[in-house]
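Participant: my questions are about this predicted structure, shown below with the sequence.
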Amino acid sequence: MLSALLGIGIGASLAVQTAINSQLRKFVVSPFLASMVSFLVATVFLAVITIISGSPLGLPLDLFSSQPIWIWFGGICGVIGLTTNILLFPKLGSVETSVMPIIGMIVMGMLIDNFGWFNSIEQPFGMNRILGVLLLLLGVFLAVIVQEIMSRRHTSATPKENKVNPWPWRFIGIGAGMLMSIQAAINGQLGVILNSPFQAAFVSFFIGSVTLIIIVGLKERSYANIKEPIKQSAPWWVWIGGFLGGSYVLINVYLVGKIGTGQTVVLALFGQIAGSLLVQQFGLLKSVKNRIVPIQIFGLIIMLIGVFLIKLF
């Protein structure tokens, strides 16, 4: 029960982090710079937590030769997944940008569990788990996609000419979601090797931060806008997205070692969608207010049943 609550809780915190980072982006303009700020805050936060826990920040040199090279790629997978979502938004819109990675996360999470990839806990893919995944996808469809289809019909928007073929971008979105599940599995294994989820989360975010600093330097060629939230007296909470992101990865590392990648992913996804709907319902953190409709609640119930089947079987 504690694992389930933690998984759902970190998923909900990720939805809040998304809302916070979207506000931060308004001040710093660049989505890459906003992500970099979030990663740097998370890295500092995790460094402090790691020191308090008694774990060292440095790594023994023999780990680089004794461990497979993929063990260090968790942070890079996270950066690629995050950056891909930013690039997908203008191509697919908000709903498909959320749903396509979710599909990829579920599929890859179940595959990792079934085959024990990345030294994860092996959990065979039985009929109950298959049914659970199908119910989870149905719940996503009802909670997210149906409402968007209905709203589009009401707006009666005219079709665009020269519309970009969405299918390549949809597959890219699914691939980004797969990378997020791979990140969870890698970080979980890194936590086992280091015998510290705190140090593993710190290493992952440190690598991700360095990657984003390089990306911003190459793409934006300036870090000056990082001062804009202070100059414009931005709300204090625009800086705490990194704390939520760091907590998400930290608890992910812990849960993967306890219940496996697949179960961790589906619990977090349920929390993420439920949290997103609550943020919309109340217009939290200056987000657009959008009331929850009964079909979305029904979708959440279907998802919860799917999570229950996957969790128990």
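Facilitator: Noted; the coordinates are in hand. Numbers count the residues shown, from 1 in each chain.
Participant: can you give me the helices for the stretch 51-200 of the chain?
Facilitator: Remark: helices assigned in the stretch 51-200 of the chain by DSSP state H, counting those that start in this stretch are 63-66, 74-115, 127-140, 146-155, 166-194, 197-219.
Participant: now those in CSV, with mean neighbour count?
Facilitator: Using the backbone N, CA and C atoms, a C-beta is placed for each residue, glycine as well. Output for the helices of the stretch 51-200 of the chain, formatted as CSV (neighbours: other C-beta atoms under 10 Å):
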stretch, mean neighbour count
helix 63-66, 10
helix 74-115, 21
helix 127-140, 18
helix 146-155, 12
helix 166-194, 22
helix 197-219, 22
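Participant: tell me which of those lies nearest to residue 277.
Facilitator: Residue 277 sits nearest to helix 146-155 of all those, at 9.5 Å, using C-beta to C-beta.
Participant: ok, and the helix or strand in the protein with the lowest average confidence?
Facilitator: The helix or strand of the chain with the lowest confidence, counting by mean pLDDT, DSSP states H and E, is helix 146-155 at a mean of 64.
Participant: and residue 284, which of the helices of the stretch 51-200 of the chain is closest to it?
Facilitator: That would be helix 74-115 among the helices of the stretch 51-200 of the chain, by C-beta to C-beta, at 16.3 Å.
Participant: how about the contacts made by residue 17?
Facilitator: By C-beta atoms under 8 Å, 6 or more residues apart in numbering, the contact list for residue 17 reads 38, 241, 244, 245, 248.
Participant: kindly report the same for residue 243.
Facilitator: 41, 42, 45.
Participant: most neighbours among those, which one?
Facilitator: residue 42 (28 neighbours; other C-beta atoms under 10 Å).
Participant: contact partners of the helix or strand hosting that one?
Facilitator: Element membership for residue 42 (DSSP states H and E) is helix 31-53. Contacts with helix 31-53, where a contact means C-beta under 8 Å, 6+ apart, come from 17, 21, 24-25, 28, 56-57, 79, 82-83, 86, 196, 198-199, 201-202, 205-206, 208-209, 212-213, 215-216, 219-220, 223, 225-226, 239-243, 245-246, 249-250.
Participant: which of the residues in it are buried?
Facilitator: 31-47, 49-50 (16 or more other C-beta atoms under 10 Å).
Participant: so how far is the strand or helix carrying residue 262 from its chain's centroid?
Facilitator: Using DSSP H and E, residue 262 sits within helix 261-282. On the basis of C-alpha atoms, centre = their mean, to the nearest Å, helix 261-282 is displaced by 10 Å from the centre of the chain it belongs to.
Participant: what does stretch 132-149 give?
Facilitator: Counting by C-alpha atoms, centre = their mean, stretch 132-149 comes out at 18 Å from the chain centroid.
Participant: next: stretch 109-117.
Facilitator: 18 Å.
Participant: quick check: mean pLDDT across that stretch?
Facilitator: Stretch 109-117 carries an average pLDDT of 88.
Participant: which residue, other than its chain neighbours, is closest to residue 196?
Facilitator: Using C-beta to C-beta, 6 or more residues apart in numbering and skipping residues adjacent in sequence, the residue nearest residue 196 is residue 55, 4.1 Å away.
Participant: can you give me the distance of the one you found to residue 199?
Facilitator: According to C-beta to C-beta, to the nearest Å, residue 55 stands 4 Å off from residue 199.
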